[in-house]
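Chemist: sequence-free structure coming up:
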């Protein structure tokens, strides 16, 4: 492998990308873009059981995507780095571009 590729760094990148491979986790990130939220807030916003939301939050936390703050019995979650929102926005735009391009191709193929 050429010296310009650091395999360990690419493995870490791949692991981080896997963190974003679940729709519920992306929805949690979307909810947290406006600021910290409690688990209860996220449960209500996502319409998912607390156990499901908590499991996804644990994954996000273990990967360093979210951080927590405890206030009494409530735990509040926030994004660990604001660039996460930028990355999600870029992926969203790429997806919209792909959809548009595929729609154009489909229109050209119509008989």
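Modeler: Great, that's in hand. Remember, it's a predicted structure, so these values are computed and weren't measured experimentally.
Chemist: Tell me the buried residues in the longest helix out of those in the chain?
Modeler: Using DSSP state H, we find that the single longest helix of the chain is helix 83-109. The neighbour-count check on helix 83-109 (16 or more other CB atoms under 10 Å) flags 84, 88 as buried. Placement of C-beta: from N, CA and C, glycine included.
Chemist: Tell me which stretches of this structure form helices.
Modeler: 7-19, 23-32, 39-46, 50-62, 83-109.
Chemist: and of these, who's closest to residue 73?
Modeler: helix 39-46 (10.5 Å; CB to CB).
Chemist: helices and strands around the closest one, which ones?
Modeler: Where contact means 3 or more CB pairs under 8 Å, 6 or more residues apart in numbering; DSSP states H and E, helix 39-46 is packed against helix 23-32, helix 50-62, strand 74-79.
Chemist: Can you lay out these as JSON lines showing mean pLDDT, mean neighbour count and distance to residue 40?
Modeler: Formatted as JSON lines, the helices and strands packed on helix 39-46 follow (pLDDT from 0 to 100; neighbours: other CB atoms under 10 Å; distance: least, CB to CB, whole Å):
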{"stretch": "helix 23-32", "mean pLDDT": "97", "mean neighbour count": "18", "distance to residue 40": "12"}
{"stretch": "helix 50-62", "mean pLDDT": "97", "mean neighbour count": "16", "distance to residue 40": "8"}
{"stretch": "strand 74-79", "mean pLDDT": "96", "mean neighbour count": "17", "distance to residue 40": "7"}
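Chemist: I'm done for today, thanks for sticking with me.
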